[in-house]
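Asks: could you look at this predicted model? Sequence included:
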Protein chains: 2
Amino acid sequence: MLVLGIDPGLALTGWALVEGHQGGLKLRAAGCWETPAGEPEGERLLRLWESFSELVRRDRPDAVSVERLYFSRNVSTAMAVSQARGVLVCAATLARLALHEYTPNQVKQAVTGNGAAPKPQVARLVRMILGASLKGVPDDVTDACAVGICHQQAAGLRRSLSAGGVR
Amino acid sequence: MLVLGIDPGLALTGWALVEGHQGGLKLRAAGCWETPAGEPEGERLLRLWESFSELVRRDRPDAVSVERLYFSRNVSTAMAVSQARGVLVCAATLARLALHEYTPNQVKQAVTGNGAAPKPQVARLVRMILGASLKGVPDDVTDACAVGICHQQAAGLRRSLSAGGVR
């Protein structure tokens, strides 16, 4: 199964293609979509829509995994991120991709075993799990990897539970 | 000029086609797009995208007018509205429609002459300006009419200023 993990944002959206194979998980590709700050909001959202749709056409992921948003501090940031997230969720649904959402705690729990793990620990385990150095990549890419891993693990657990394989 | 005014929301999006003609403004059509609460978010956002795109194909408005969002109270409502708004702004840009944004104060100012006008006064003036009863319609539809009127007035003012017609 190939999972597209996404960390949405208007200026910068991290994405990661996390692949399940016999021996575990590996990173097929990752990167980020940037939109120029000077452009009208609509143009930036449309770029995001098109980048997402192009990747989906090219790499044909089986599912999309994205963090559920929680915000308490900056409402205007929350609103900008939500606009970008809405566009991506809509584009994923149009592409008939299964969409899975996880809370930040569920993501940390899946990656590190600790729902309250600090960010550097999450990043270290993401690198170990995927066997990828992820040197110099923005946090958004690491976060996209983490939410992709989270869905791979949740889906794997669901499969083994329904097969009666966990006691 | 035909302006599509929009009051975005996930559950209910008000829309209004406000037409400029010789004698002033009139309402060509108005209504709202509802999305079922029980459906996944992505399906709801996609319904919104499709309703918007269908109306644009059918009625070919010249511009879209939408309120700039300000929220201070409920962050989760703000985020749901922002997702819906992002989808609509993206769809308008894809349809190559000019998109105009106004603050709530600018809308009230344009409709009533008072940027701090209470809601019932705005509604009363919307009905008078458009010569429409708007009986029994949700607030979202009246708000969509108001933001449509606001852009008609701003565009009219801009035209007469550039023609040197205002002294």
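Replies: Received it, and whenever you're ready, just let me know what you need. Numbers count the residues shown, from 1 in each chain, chains lettered A, B, ... in the order given.
Asks: please count neighbours and contacts with C-alpha atoms only from this point.
Replies: OK.
Asks: so which helix or strand takes in residue A:13?
Replies: The secondary structure element spanning residue A:13 is strand A:12-21 (assigned by DSSP states H and E).
Asks: could you say what helices and strands the helix or strand following that strand packs with?
Replies: The C-terminal neighbour of strand A:12-21 among helices and strands, as given by DSSP H and E, is strand A:24-34. Contact here means 3 or more Cα pairs under 8 Å, 6 or more residues apart in numbering or on different chains; DSSP states H and E; on that basis strand A:24-34 packs against strand A:12-21, helix A:119-130, helix A:139-162.
Asks: which among the ones you listed is found nearest to residue A:79?
Replies: Closest of these to residue A:79 is strand A:12-21, at 14.5 Å (criterion: Cα to Cα).
Asks: ok now that closest one, how far from the chain's centre?
Replies: Using Cα atoms, centre = their mean, to the nearest Å, the mean C-alpha position of strand A:12-21 is found 6 Å from that of the whole chain.
Asks: buried sites along that strand?
Replies: Of the residues in strand A:12-21, those scored as buried under the neighbour-count criterion (16 or more other Cα atoms under 10 Å in any protein chain shown) are A:12, A:13, A:14, A:15, A:16, A:17, A:18, A:19, A:20.
Asks: between helix A:119-130 and it, find me the angle.
Replies: Here the directions of strand A:12-21 and helix A:119-130 differ by 40 degrees (axes from the mean of the first three to the mean of the last three Cα atoms, to 10 degrees).
Asks: which elements pack onto strand A:12-21?
Replies: Taking 3+ Cα pairs under 8 Å, 6+ apart as the contact definition, the neighbouring helices and strands of strand A:12-21 are strand A:2-7, strand A:24-34, helix A:139-162.
Asks: mean pLDDT for the helices and strands packed on strand A:24-34 - can I get that in JSON lines?
Replies: Shown next, in JSON lines, are these (pLDDT from 0 to 100):
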{"stretch": "strand A:12-21", "mean pLDDT": "95"}
{"stretch": "helix A:119-130", "mean pLDDT": "95"}
{"stretch": "helix A:139-162", "mean pLDDT": "91"}
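Asks: can you redo these as CSV with distance to residue A:60?
Replies: Rendered in CSV, the data for these read as follows (distance: least, Cα to Cα, whole Å):
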stretch, distance to residue A:60
strand A:12-21, 10
helix A:119-130, 20
helix A:139-162, 15
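Asks: and of the ones you listed, who's closest to residue B:52?
Replies: Distances from residue B:52 to each of those were compared using Cα to Cα; the minimum, 25.3 Å, belongs to strand A:12-21.
Asks: so what are the sheet partners of the closest one and their directions?
Replies: Partner strands for strand A:12-21, per DSSP bridges, with pairing direction: strand A:2-7 (antiparallel), strand A:24-34 (antiparallel).
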